[in-house]
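Colleague: What shape does this take:
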Amino acid sequence: MKTTYTALVLALLLTACAAPENNDTAAIVDTNTSNMASGTQLAGTPMQTETEDGQPLVGGDAVASEPTAGEASFTVIGGNFYYDLDDITVQEGDEVTITFKAAEGTHDFVLDEFGVQSETVSGDDETTVTFTADKKGTFEFYCSIGNHRAQGMVGTLTVE
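Modeller: Got it, this is the predicted structure:
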């Protein structure tokens, strides 16, 4: 019992010593996401889709980046019949910016419920679309080129 009490007192002292010395009342937030499962994102948190040297991440490798309140930005890469980021979650009211790039072939990014249709891109081209996620729900985005949608070039936007 005495050992438990001593450990508790020691833990409290260490916590007090680690507190900031100034009177700033800003909250301290732990942004460490290293324990998150691969492909997991915090709701409304933009996903990092490139490595530090600019190489695209593939599949569930996207890592949450620090959000700005009311804004969400994503980079989506389209290849032959796939989007590398096919599940996006934002908060209702967020201004959403999608930078769309083509890895191979010719593609676009369409989200009917929000009136979004990007320019067609191919090669190393990219385009950007911005919209406000002003209604909650789950919405399908897709490539409208040829039969790309039917061949699986689709994804889901969830607005919470």
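
Colleague: how many neighbours does Asp134 have?
Modeller: Other residues within reach of Asp134, judged by other Cβ atoms under 10 Å, total 12. Using the backbone N, CA and C atoms, a C-beta is placed for each residue, glycine as well.

Colleague: Then it would be within a strand, right?
Modeller: No. Following the definition DSSP: H, G, I helix; E, B strand; the rest coil, Asp134 is coil and is not counted among the residues of a strand.

Colleague: So it sits against Glu92, correct?
Modeller: Yes. With contact taken as Cβ atoms under 8 Å, Asp134 and Glu92 are classed as touching, separated by 7.0 Å.

Colleague: continuing past the lowest-mean-pLDDT helix or strand in the chain, what's the next helix or strand?
Modeller: Each helix and strand of the chain was given a mean pLDDT (mean pLDDT, DSSP states H and E); the minimum falls on strand 63-64 at a mean of 40. Moving toward the C-terminus from strand 63-64, the first helix or strand encountered (DSSP states H and E) is strand 71-79.

Colleague: Could I get the average pLDDT for that next one?
Modeller: Per-residue pLDDT over strand 71-79 has a mean of 96.

Colleague: Would you indicate which residues of it are buried?
Modeller: For strand 71-79, a neighbour-count test (16 or more other Cβ atoms under 10 Å) marks 72-79 as buried.

Colleague: List the contacts of Leu111.
Modeller: Contacts here follow Cβ atoms under 8 Å, 6 or more residues apart in numbering; on that basis Leu111 touches 117, 131, 139-141, 157.

Colleague: Kindly reformat the residues you listed as CSV containing neighbour count.
Modeller: As requested, these are exported to CSV (neighbours: other Cβ atoms under 10 Å):
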residue, neighbour count
Gln117, 13
Phe131, 16
Phe139, 18
Glu140, 13
Phe141, 24
Leu157, 23
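
Colleague: In strands only, show me those.
Modeller: 117, 131, 139-141, 157 (DSSP state E).

Colleague: Please report how far Ala102 lies from Phe141.
Modeller: Remark: distance between Ala102 and Phe141 (Cβ to Cβ, to the nearest Å) = 15 Å.

Colleague: Going by residue numbers, what spans are helices in the protein?
Modeller: Under the criterion DSSP state H, the chain contains helices at 2-17.

Colleague: residue ranges with poor pLDDT in it?
Modeller: Judged against pLDDT under 70, the low-scoring parts of the chain cover residues 1-69.
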